[in-house]
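Undergrad: Build the 3D model from these lines:
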Amino acid sequence: MYRRIRELRTDHDLSQTEFAQILGMSQTGYSKYETGENDIPTEILIAIADYHRTSVDYLLGLTDEKKPYPKKRAL
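TA: Now for the predicted structure:
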């Protein structure tokens, strides 16, 4: 998972500082997610997936498909 979030960030030419600002957190806090030092909270994991237009399953390594599932319609 940590490799994937780092690769997605660098594919978008973002520094850790820039992406941390997008997520509303410090660079140090974000860096600890990329290195696996800290677990990523669910809301941050969802925000990372949304920003990169991928699925949480892709970030977690449950699928190799970057394209997210279609979102369900509200009833």
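Undergrad: so who does the spatially most central residue of the chain touch?
TA: Residue closest to the average C-alpha location in the chain (CA atoms, centre = their mean): residue 48, at 2.9 Å. Applying CB atoms under 8 Å, 6 or more residues apart in numbering to residue 48 gives the contacts 5, 8, 23, 40, 59. For every residue, glycine as well, the C-beta is placed using N, CA and C.
Undergrad: can you do 6 Å?
TA: Residue 48 makes contact with residue 5, according to CB atoms under 6 Å, 6 or more residues apart in numbering.
Undergrad: Please shift the residue numbers so they start at 207 in all later answers.
TA: Sure thing, new numbering starts at 207, so read that last one as residue 254.
Undergrad: Distance check, it against residue 212.
TA: Using CB to CB, to the nearest Å, one gets 11 Å for the distance from residue 254 to residue 212.
Undergrad: and what of residue 265?
TA: 11 Å.
Undergrad: out of these two, which sits in the busier spot?
TA: Higher neighbour count among residue 265 and residue 212: residue 265, with 21 against 16, using other CB atoms under 10 Å.
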